[in-house]
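> Need coordinates for the below:
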Amino acid sequence: MKNFDVIVIGGGHAGVEAATAAARRGASTLLMTQALSDLGAMSCNPSIGGPGKSQMVAEIDALGGVMPIAADMAGIHFRTLNASHGAATQALRAQIDRKLYHKAIVEILGKYKNLTIAFEKVNFIDLQNKIVNNEYQTKALIFTTGTFLHGLVTRGKERIKSGRLQDDGQYQEADFNISDILSKAGFSIIRLKTGTPARIYKDSINWEVCELQPGDNPHDWFSDGRPENNYQAVCFITHTTEATHKIIRDNIKDAPMYNGAIRGTGPRYCPSLEDKVMRFPEHLSHHVFLEPEGLDSDLIYPNGISTSFGSDIQDKWIHSIPGLENAKIARYGYAIEYDAIDARALNSKLESKDIPGLFFAGQINGTSGYEEAAAQGIVAGANAAAFALGTKSLSLDRTTAMIGVLIDDITTLGIDEPYRMFTSRAEYRLSLRSDNAIARLGRQAVELGLISNDEYEKKYKLKESKIKENDKFYSGYIQRNEREIESYKRDLNLKIPKNFNYKDMPGLTNELIEKLTKTRPENIASLSRIPGITPAGIMVVLRKIRCGN
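Numbering: from 1, shown residues only. All right, here's what the predicted structure looks like:
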């Protein structure tokens, strides 16, 4: 039996960050994934950043993570969104070269001394003893399985058991063991859905009728910057038409999302085109962003038109879009359903409340997006290492990080659709800006061994002038924010015993008692965010805690 401090199952964005964070903390780490191509794979849109997401990428950078560095190395089109707005809502977004990003991730992983990578399928797991494939044993185990658990690809009448369609056009094998293992261990399994659009050959597009969307020059970087990266690509915008929408409405009975073939819940804020057309009939057109998949790629990613329609219907409405009348399709879009757990079974460390040393990160927790996955990965990895080595945990909450907002939301409130981060989800967003991430998190990162003191000083110096300028600008609002944060932290420090009994408490309905017993909030701050809880109910719990009952 080969022994490791930490084993990570899954080599996507969450898995890469989890494995490297654990290794940076000194844990001997094994990363298990099916193939080399999994590392840094961008199975949907090749881009990083955007509103809410770029703030998390900045926090990943402050914690020594991989994604910001690789994005700087592989970015081919950088643009600051909401540039005319305040710093709290500004967001850096970059179009990424798929091949260069994968290459950057592999190169970075190769420099980690404590990290071993095994390219093999997981066929056996003993959760209690943390044994994998009867060959590896660990102190802490992390699941970062993405869309592979009972993955089912749907395109019209086609149904393919797969975790995703790879760049070479081959379907990657789904996993049919892990969901059952987790279910038997007491985890609630939920069914979710996401989707991706067709890929279009760029030489078949009429660019003259499309609107140019140039990148910024000069532009910001996600991490320390890569001056040798002088790549400049261009993006374009077109739009759907009334003819497009009519084709979709006329054929909606053939859309798996609408005829009952797909049962998983999709993301509200990143809907398929058929969903947009049917839910928002007042909109006569929707933007389609034509984005390159790479510098030497002949493919364009048409952002905004993901779909589950069959290829015949996709052909019809794609060709009704200006500029795409003669488009040649390289690969048709599809929907994918997959299993996830109810993340309310986890604590703020992303560790199981019932099985110590078992951690989860990424889409298995019900989130959507590369950045959300990577953000959870770095927390799960740092805390798995802490569990294995008996050292201090990484502590993030709603007041200190956007990542803390994400984790608090999914572990306290749960999800009923794939969770996506927005700045509007953070009540303290004026204090959780991209420019001050290193000031907020850097000292803790140094203390935990996630970055060196020299790295902290370098990163802080790069951001120092912008931090001072923006705190000055927002000083009045930030002072009010700080008062609210102090109040929240007082509630955060009021811990609720793990075995706290909510039964027969006056002021709590039976439904709420059942919800609190299942969720087991860690503190009064988390308790206060449970839907249905009232101020009177909070006071009842407080009195019982203070009385020691």
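> which secondary structure element contains Ile355?
According to DSSP states H and E, Ile355 maps onto no helix or strand at all.
> Might one say that it is in contact with Leu127?
Yes - taking contacts as CB atoms under 8 Å, Ile355 lies within contact range of Leu127: 6.0 Å. In this view, the C-beta of every residue, glycine as well, is placed from N, C-alpha and C.
> Return every residue with contacts to both of these two.
Ala185 (CB atoms under 8 Å, 6 or more residues apart in numbering).
> now this structure, which segments are flagged as low pLDDT?
Counting by pLDDT under 70, the ranges of the chain that qualify are 470, 472, 548-549.
> do that again at 80, thanks
86-87, 166-169, 226-227, 267-270, 465-470, 472-478, 507, 547-549 (pLDDT under 80).
> Kindly provide the distance from the closest residue to Thr307 other than its chain neighbours to Pro214.
Using CB to CB, 6 or more residues apart in numbering and skipping residues adjacent in sequence, the residue nearest Thr307 is Gly333, 4.4 Å away. Going from Gly333 to Pro214 by CB to CB, to the nearest Å gives 27 Å.
> So between the two, which is more surrounded?
Neighbour tally, Gly333 and Pro214, criterion other CB atoms under 10 Å: the higher count belongs to Gly333, 23 against 12.
> Which residues are in contact with that one?
Contacts of Gly333 by CB under 8 Å, 6+ apart are 155, 195-198, 305-309, 314.
> For those, which single residue is the most surrounded?
For the contacts of Gly333, neighbours were counted by other CB under 10 Å; the highest total belongs to Ser308, with 32 neighbours.
> Could you pull up phi and psi at that residue?
phi -120, psi 10 (degrees, to the nearest 10).
> Could you do Val8 as well?
When read as degrees, to the nearest 10, the backbone of Val8 gives phi -110, psi 130.
> which residues does it bridge with?
Leu31, Ile142 (DSSP bridges).
> my guess is it contacts Ala21, does it?
No - checked against CB under 8 Å, the pair Val8 and Ala21 is beyond contact range at 9.7 Å.
> Could you pull out the residues contacting both of the two?
Gly381.
> Quick one: residues contacting the residue positioned nearest the centre of the chain.
Nearest residue to the geometric centre of the chain (CA atoms, centre = their mean): Glu372, 2.0 Å. For Glu372, the contacting residues are 53, 56, 362, 406, 419-421, by CB under 8 Å, 6+ apart.
> Out of the residues you listed, name the ones that lie in strands.
When DSSP state E is applied, those are split such that none fall in strands.
> Output these as CSV; include the columns neighbour count.
Below are these laid out as CSV (neighbours: other CB atoms under 10 Å):
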residue, neighbour count
Lys53, 25
Met56, 28
Gly362, 32
Leu406, 26
Tyr419, 25
Arg420, 20
Met421, 26
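> Now the two most distant members of those residues.
Pairwise distances across those (CB to CB) peak at 14.2 Å, for the pair Lys53 and Gly362.
> And the helices in the stretch 401-549 of the chain?
402-408, 437-447, 453-473, 475-492, 510-519, 524-527, 535-546 (DSSP state H, counting those that start in this stretch).
> how about the second one: buried residues?
Applying a neighbour-count criterion of 16 or more other CB atoms under 10 Å, one finds 437-442, 444-446 buried in helix 437-447.
> Now do it against helix 453-473, angle only.
For helix 437-447 against helix 453-473, the angle between stretch directions is 150 degrees (axes from the mean of the first three to the mean of the last three CA atoms, to 10 degrees).
> Could you name the helices and strands sitting against helix 437-447?
Counting contacts by 3 or more CB pairs under 8 Å, 6 or more residues apart in numbering; DSSP states H and E, helix 437-447 packs against helix 53-62, helix 453-473.
> between the shortest one and helix 453-473, how many degrees?
Between helix 53-62 and helix 453-473, the angle comes out at 140 degrees (the same axes, to 10 degrees).
> And the next helix or strand past helix 53-62?
Downstream of helix 53-62, the next assigned helix or strand under DSSP H and E is helix 67-74.
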